[in-house]
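**Student:** Prediction below, plus the sequence it came from.
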Amino acid sequence: MQRWVVNYLRHELTGYEVEVEGLFGRVGRAEGTRLLRRRIYAAIASAYPRLAEECHRQLQAREGETL
């Protein structure tokens, strides 16, 4: 359930998709996308502390690295 909530918050209550699309074809796009993703997950975790662990899990899964 927490995975769904985090995904909803990330996609529906932020400009995530629009911002990522705006980076398409630009130099530094990958780094910009990564930074945007980290900021959004941090904002969700800050606003909803009980979702912090799920935010961290999703970020690790997307980036494939230990944070």
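**Tutor:** Yep, it's here.
**Student:** what is the rounded mean pLDDT of whichever strand or helix holds Arg39?
**Tutor:** Secondary structure from DSSP states H and E places Arg39 in helix 29-47. Mean per-residue pLDDT for helix 29-47: 88.
**Student:** Pull out the buried residues from that helix.
**Tutor:** Residues of helix 29-47 classed as buried by neighbour count (16 or more other C-beta atoms under 10 Å): Thr33, Leu36, Arg37, Ile40, Tyr41, Ile44, Ala45. (Each C-beta comes from the backbone N, C-alpha and C, glycine too.)
**Student:** possible to save those residues as JSON lines with distance to Tyr8?
**Tutor:** Converted to JSON lines, the buried residues of helix 29-47 look like this (distance: C-beta to C-beta, whole Å):
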{"residue": "Thr33", "distance to Tyr8": "20"}
{"residue": "Leu36", "distance to Tyr8": "17"}
{"residue": "Arg37", "distance to Tyr8": "16"}
{"residue": "Ile40", "distance to Tyr8": "12"}
{"residue": "Tyr41", "distance to Tyr8": "13"}
{"residue": "Ile44", "distance to Tyr8": "10"}
{"residue": "Ala45", "distance to Tyr8": "15"}
